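S.K.: give me coordinates for this.
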Amino acid sequence: MTAFAVRPGSSHQLTGTGTLLRFALRRDRLMIPVWVAVNALMVLSMPGTLEGLYGTPAERADLIRQMETNSSLRAMIGPVFGDSLGALTAWRVGIYAGALAAVMSLLVVVRHTRGEEESGRQELVASGTVGRRAALTAALLAAAVANTVLALLVTAGLAGRGATGALALGLGIAGVGMVFATAAAVVAQLTESARLARGLTAAVLGTAFVLRAAGDSATDDGSSVLTWLSPLGWLENLRPYAGERWWVLALLAGSVALQGAVAYALAGRRDLGMSFLPTRPGPASGRLGSAGALAWRLQRGGVLGWSTGFFLAGVVYGGMTEGAADLVGDNENARRVIERMGGQAGLTDAFLASMVGMLGLVAALYIVASVLRLHGEETSGRAEPVLANAVGRLRWAAGHLVIAFGGAALIMLLAGLGFAVGYGKETGPILGACLVQLPAVWVIGGVAVLLHGLRPRAAMAAWGVAGAVLLIGWVGPALDAPRAVLDVSPYGHLPKLPGGSMEWGPVLVLTGVAVVLVAGGLAGLRRRDMAA
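M.R.: Numbering: from 1, shown residues only. As a prediction, the model looks like this:
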């Protein structure tokens with residue numbers, strides 16, 4: 001194992017941190033700005049939207065009364081602590097902005113710690129004058145830079161609604177991001193795989209969301225013990241624009257400091273490339289006798305996790321359908337937003353269609369991550385031994401793409417089953433509505449395949465495409481964006497089901513586009529040098 005150029009315990013364990021930080025920010029010059037922009041725009045667009053939906057004190061008071069008695073919606077969004085537009089903004093998007101900051105942070109930290117070690121690049125870097133903890137420090141600083149920019153954008157953008165509340169919300173979102181950045185730093189020391197590190201940290205985030213949801217469904221003031229066990233619960237209990245509880249920031253800061261200290265301690269006690277949790281060796285034959293079987297073994301954990309999450313999300317969204325109709329009530333503005341997202345149909349069908357559409361948008365993240373597993377296998381050098389045998393490039397790629405595109409179909413199918421369980425009515429239309437999202441999901445996957453096949457160095461731009469699609473789908477209808485803007489996203493061409501009429505033309509066209517994109521990517525992969 002390569003030795004570090006400085007002794008453990010010396011005063012120079014951070015040597016080279018600045019250079020590594022600049023390199024990390026350069027590598028993430030597309031991914032970080034996209035994540036920050038999507039998150040900031042989601043938050044900053046909400047006050048104007050809420051002003052149109054709940055423009056009068058009476059409408060806001062009625063909203064608060066409805067939320068006090070609607071446990072399912074509190075589980076999804078959280079309790080309301082004030083009737084100002086700033087407080088409603090923190091209520092409506094605070095938890096989700098914190099969750100997005102957490103995802104961004106864990107991706108950044110894992111990529112520049114365990115991901116670098118897994119690819120072998122960190123071993124090369126460590127052979128120079130680089131401190132033992134420089135890579136970990138640079139990764140955490142990169143996440144800190146991203147979260148700081150996000151906090152500044154949120155604070156500056158909402159300052160007109162009240163500078164104190166804007167600062168609290170910005171700091172809270174950034175604080176949650178850094179909690180999961182340091183959590184990812186700890187997990188990266190424990191595991192030997194970047195994929196497993198991302199999965200375990202994402203599972204921690206999912207647990208935090210479930211704990212907060214369970215606590216908020218039980219109480220209407222965020223006082224549940226379960227809520228306080230979750231960093232997302234800390235964010236809502238910070239109460240921006242509703243009598244800020246500044247001491248809650250100490251919980252976020254304390255968690256960051258504690259987890260950071262643990263990560264640093266662990267980093268100093270292991271060899272480069274090693275981990276504290278041993279990797280279980282797998283069989284060398286049998287189930288792994290083909291490239292497809294190997295791809296399944298590598299990606300089965302992710303497929304299982306996404307499948308479980310989509311099924312549970314379908315159950316939750318299906319169960320809150322009737323409550324959402326009660327919440328909208330006679331508010332015509334809220335009704336119009338839901339109908340723009342879900343189509344011109346009955347309110348219940350429109351709400352179901354909008355929730356199905358949201359899950360379809362999230363499925364784009366799954367397919368991009370799954371397709372880019374090809375990129376990770378290639379850049380890490382693990383693809384070379386496979387291709388050195390009697391396995392062609394197309395056969396190798398096909399194993400991963402079947403899981404990516406077939407897995408997208410599986411998670412949407414399970415989401416439909418979850419909706420049917422939660423709603424308890426009309427299983428067929430809900431399943432059809434979920435499956436009709438697939439052509440748009442496959443187009444995003446096709447873009448990822450094309451980028452990896454033609455320009456592997458630009459493959460990570462697929463995350464930018466997915467982020468742009470999420471932004472258009474989430475924020476566009478609320479802002480009443482022009483049709484030309486909505487049509488930039490492939491999701492804008494899908495029929496709005498259930499409740500709308502099925503249109504096969506756009507579905508077939510999008511499927512054809514996905515096929516062309518995949519074919520182009522595979523043609524490029526076949527012709528170019530590996531790891532070019």
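S.K.: please enumerate the helices of the stretch 151-300 of the chain.
M.R.: The residue ranges that make up the helices of the stretch 151-300 of the chain, judged by DSSP state H, counting those that start in this stretch, are 163-190, 194-218, 225-228, 231-237, 248-267, 291-319.
S.K.: redo the ones you listed as TSV? Include distance to Leu438, mean pLDDT and mean neighbour count.
M.R.: The C-beta positions use only the backbone N, C-alpha and C, and glycine is treated the same way. Shown next, in TSV, are the helices of the stretch 151-300 of the chain (distance: least, CB to CB, whole Å; pLDDT from 0 to 100; neighbours: other CB atoms under 10 Å):
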stretch	distance to Leu438	mean pLDDT	mean neighbour count
helix 163-190	30	94	26
helix 194-218	23	83	21
helix 225-228	35	92	17
helix 231-237	30	93	26
helix 248-267	38	93	17
helix 291-319	13	82	19
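S.K.: quick one: mean pLDDT for stretch 19-34?
M.R.: Per-region confidence: stretch 19-34 scores 86 on mean pLDDT.
S.K.: ok, now stretch 401-410?
M.R.: Throughout stretch 401-410, pLDDT has a mean value of 93.
S.K.: test my guess that Trp35 contacts Met104.
M.R.: Yes - here Trp35 reaches Met104: they are 4.0 Å apart, a contact under CB atoms under 8 Å.
S.K.: what residues are shared contacts of those two?
M.R.: Taking CB atoms under 8 Å, 6 or more residues apart in numbering as the criterion, Trp35 and Met104 both touch Ala146.
S.K.: in terms of neighbours, single out the busier of the two.
M.R.: Met104 (27 against 24; other CB atoms under 10 Å).
S.K.: show me what contacts that one?
M.R.: Ile32, Trp35, Val36, Asn39, Ala143, Ala146, Asn147, Gly177.
S.K.: that one sits in which helix or strand?
M.R.: When secondary structure is defined by DSSP states H and E, Met104 falls within helix 85-112.
S.K.: quick check: next helix or strand after that helix?
M.R.: Toward the C-terminus from helix 85-112 - assigned by DSSP H and E - lies helix 114-119.
S.K.: can you dump the C-alpha atoms of that following helix in PDB for me?
M.R.: Written as PDB, here are the backbone C-alpha positions of helix 114-119 (Å, rounded to 0.1, in the frame of the first residue of the first chain):
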ATOM      1  CA  ARG A 114     -14.000   6.900  -1.200                       C
ATOM      2  CA  GLY A 115     -14.600   7.400  -4.900                       C
ATOM      3  CA  GLU A 116     -11.100   8.700  -5.400                       C
ATOM      4  CA  GLU A 117      -9.600   5.800  -3.400                       C
ATOM      5  CA  GLU A 118     -11.700   3.300  -5.300                       C
ATOM      6  CA  SER A 119     -10.500   4.600  -8.700                       C
END
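S.K.: that one packs against which elements?
M.R.: For helix 114-119, the elements it packs on are helix 121-126, helix 194-218, judged by 3 or more CB pairs under 8 Å, 6 or more residues apart in numbering; DSSP states H and E.
S.K.: in CSV, list those along with distance to Leu73.
M.R.: What follows is the helices and strands packed on helix 114-119, written out as CSV (distance: least, CB to CB, whole Å):
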stretch, distance to Leu73
helix 121-126, 46
helix 194-218, 9
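S.K.: show the pLDDT at Leu152.
M.R.: Model confidence at Leu152, expressed as pLDDT, equals 96.
S.K.: got a list of what the residue nearest to it when sequence neighbours are not counted touches?
M.R.: If you skip the residues right next to it in sequence, Leu152 has Gly170 as its closest partner in space, 7.0 Å away by CB to CB, 6 or more residues apart in numbering. Taking CB under 8 Å, 6+ apart, we find Gly170 in contact with Leu150, Ala151, Leu152, Leu153, Val154, Thr155, Leu158.
S.K.: now do Ser230
M.R.: The neighbours of Ser230, taking CB under 8 Å, 6+ apart as the test, are Thr207, Ala208, Phe209, Leu211, Arg212, Gly215.
S.K.: out of the contacts of Gly170, which are buried?
M.R.: Leu150, Ala151, Leu153, Val154, Thr155, Leu158 (16 or more other CB atoms under 10 Å).
S.K.: surely the last one is in contact with Gly165?
M.R.: Read that as Leu158. Yes - in terms of CB under 8 Å, Leu158 counts as a neighbour of Gly165; the distance is 7.1 Å.
S.K.: overlap in contacts, the two.
M.R.: By the contact definition CB under 8 Å, 6+ apart, Leu158 and Gly165 are jointly contacted by Gly86.
S.K.: re the thing from before, and Gly467, which of the helices of the stretch 151-300 of the chain is closest to it?
M.R.: Of all these, the one in closest proximity to Gly467, counting by CB to CB, is helix 163-190 (15.6 Å).
S.K.: picking that back up, what's the closest of the contacts of Ser230 to Gly464?
M.R.: Checking the contacts of Ser230 one by one against Gly464 (CB to CB), the nearest turns out to be Phe209, at 24.8 Å.
S.K.: gap between that closest one and Gly172?
M.R.: Distance from Phe209 to Gly172, counting by CB to CB, to the nearest Å: 16 Å.
S.K.: same deal with Thr56?
M.R.: If you measure Thr56 against Gly172 using CB to CB, the figure is 28 Å.
S.K.: Val509 too?
M.R.: From Val509 across to Gly172, the span is 43 Å (CB to CB).
S.K.: rewinding a little: for Val391, state which of the contacts of Ser230 is nearest.
M.R.: Thr207 (38.3 Å).
S.K.: quick one, what contacts the closest one?
M.R.: When the contact criterion is CB under 8 Å, 6+ apart, the partners of Thr207 are Ser230.
S.K.: where in the chain is the helix or strand with the lowest mean pLDDT?
M.R.: The weakest-scoring helix or strand in the chain, judged by mean pLDDT, DSSP states H and E, is helix 332-342 (a mean of 55).
S.K.: what's the following helix or strand after it?
M.R.: Once the chain leaves helix 332-342, the next helix or strand it forms, by DSSP H and E, is helix 347-371.
S.K.: what pLDDT does Gly273 get?
M.R.: 55.
S.K.: how about Asp330?
M.R.: The per-residue pLDDT reported for Asp330 equals 55.
S.K.: check Val513 too.
M.R.: 94.
S.K.: test my guess that it contacts Ile444.
M.R.: No - checked against CB under 8 Å, the pair Val513 and Ile444 is beyond contact range at 10.7 Å.
S.K.: overlap in contacts, those two.
M.R.: If you check Val513 and Ile444 against CB under 8 Å, 6+ apart, the residues they both contact are Pro490.
S.K.: neighbour count winner among those two?
M.R.: Ile444 (26 against 17).
S.K.: Gly233: which of the helices and strands packed on helix 114-119 is closest?
M.R.: The closest approach between Gly233 and any of the helices and strands packed on helix 114-119, judged by CB to CB, belongs to helix 194-218 at 4.4 Å.
S.K.: that closest one vs helix 163-190, what angle?
M.R.: Between the axis of helix 194-218 and that of helix 163-190 there is an angle of 140 degrees, by axes from the mean of the first three to the mean of the last three CA atoms, to 10 degrees.
S.K.: tell me how far helix 194-218 lies from the chain's centre.
M.R.: When C-alpha coordinates are averaged (CA atoms, centre = their mean, to the nearest Å), helix 194-218 and its chain have centres 12 Å apart.
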